[in-house]
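Enquirer: Structure here, sequence nowhere to be found:
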């Protein structure tokens, strides 16, 4: 096994110190039992009991339990190694992430209030529509669908250079978390705080969320290229409750809305189907009969939406999807142009742009998980400990 290079949950290292509590518990238990025997047992009985107990065997069993505890903590820390993918700089070392603004702190100091400076921005707006309904807690993607979706959005952000981004989450109602902005740091902070049923409404209704974005979120945009990236498992409470022609009519209304978004508003809709076709049990959710609810990916529905809005559909059924590459290959090539704007000097705004300009591109490394090795070893030691006797073997006298 190659060397360990990182840990998925390194903060759990403090649990190692709890081993002293475990050792203290064993020592206290030993002395407590001994004091009780001294108080109540007959001297002859004490000698007989003491002679039958194997002290080395008892110590070995306790040591095994301590080792098992340490291995379990080590496993929970998720040791990782053998990076199999890394975004490297280009040959000239120039492929660093910067904003397209060329403003520096020196420029700010030379400008006075009311002066204008030229700033370059990418002529593209991207709105992320993220499903935060209960089904996104399904664990068929590690650690669950929602956390995987948030990771994918951050993956796309890592390759952006001047695009405006916004975030809208939805359950049965949509909730605007971040309007179109260039402040990627702020966007990430908002994204990190998103949780299941974030807007305190249960259920999943896709239509109001689509209308919110199509009718409002792109209204004030002057950019030519507009992309809506929908990340969901495709579940819709209303859609799933219908049958026959009613279901077909409802589905067609989605496709018509998607087509209208492209033809009238030039909004391309890209759908990312997150989850597996086999599905998974949604924890804490039961149907009207009290049975567990299983959520599966509704792939055809999402494909239909993206097809009618001239977008792309991406299926995510494992953990090895590189969204940065997918964005650059299938979304960004159309309309990858910059626009130049003049903005009035605003110290806060300009310092924000400078901060982004100084940010270097975050290298993305994909590690192999090693937690399974200490986990298996702890199970093996625990089984072996069970067969270690605490009593001495009694040798029978030869007749």
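Expert: Sure thing, it's come through. Treat the numbers as computed from the prediction; the structure is a model and nothing was measured. Residues are numbered from 1 along each chain as shown.
Enquirer: from here on, contacts and neighbour counts on C-alpha atoms
Expert: Will do.
Enquirer: Whichever strand or helix holds residue 228 pairs with which strands?
Expert: Assigned by DSSP states H and E, residue 228 falls within strand 225-232. Here strand 225-232 is paired, per DSSP bridges, with strand 124-131 (parallel), strand 267-274 (parallel).
Enquirer: deepest of the ones you listed, which one?
Expert: strand 267-274 (a mean of 26; mean count of other C-alpha atoms under 10 Å).
Enquirer: Tell me how far it lies from the chain's centre.
Expert: How far strand 267-274 lies from its chain's middle: 19 Å, per C-alpha atoms, centre = their mean, to the nearest Å.
Enquirer: neighbouring contacts of it?
Expert: 145, 149, 214, 225-234, 258, 261-262, 297-299, 302-303, 305-306, 309-317 (C-alpha atoms under 8 Å, 6 or more residues apart in numbering).
Enquirer: related to what we said a few turns ago, so can I have JSON lines of the strands paired with strand 225-232 showing mean pLDDT and distance to residue 253?
Expert: As requested, the strands paired with strand 225-232 are arranged in JSON lines below (pLDDT from 0 to 100; distance: least, C-alpha to C-alpha, whole Å):
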{"stretch": "strand 124-131", "mean pLDDT": "92", "distance to residue 253": "19"}
{"stretch": "strand 267-274", "mean pLDDT": "93", "distance to residue 253": "15"}
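Enquirer: Could I get those strands in a markdown table, plus columns for distance to residue 381?
Expert: As requested, those are exported to a markdown table (distance: least, C-alpha to C-alpha, whole Å):
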| stretch | distance to residue 381 |
| --- | --- |
| strand 124-131 | 43 |
| strand 267-274 | 38 |
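Enquirer: Any idea what residue 126 is bridged to?
Expert: residue 165, residue 227.
Enquirer: between the strands paired with strand 225-232, which one is nearest to residue 241?
Expert: For the strands paired with strand 225-232, the distance to residue 241 is smallest for strand 124-131, at 18.7 Å, taking C-alpha to C-alpha.
Enquirer: so what's the most centrally placed residue in the chain scoring on pLDDT?
Expert: Centroid check for the chain by C-alpha atoms, centre = their mean gives residue 147 as the closest residue, at 2.6 Å. Reading off the confidence values, residue 147 has pLDDT 92.
Enquirer: To which secondary structure element is it assigned?
Expert: Taking DSSP H and E as the definition, residue 147 sits inside helix 145-157.
Enquirer: Quick check: buried residues in that helix?
Expert: By 16 or more other C-alpha atoms under 10 Å, the buried positions in helix 145-157 come out as 145-150, 152-157.
Enquirer: Break down the stretch 51-200 of the chain into its helices, ranges please.
Expert: When assigned using DSSP state H, counting those that start in this stretch, the helices of the stretch 51-200 of the chain occupy the ranges 55-76, 105-110, 145-157, 184-192.
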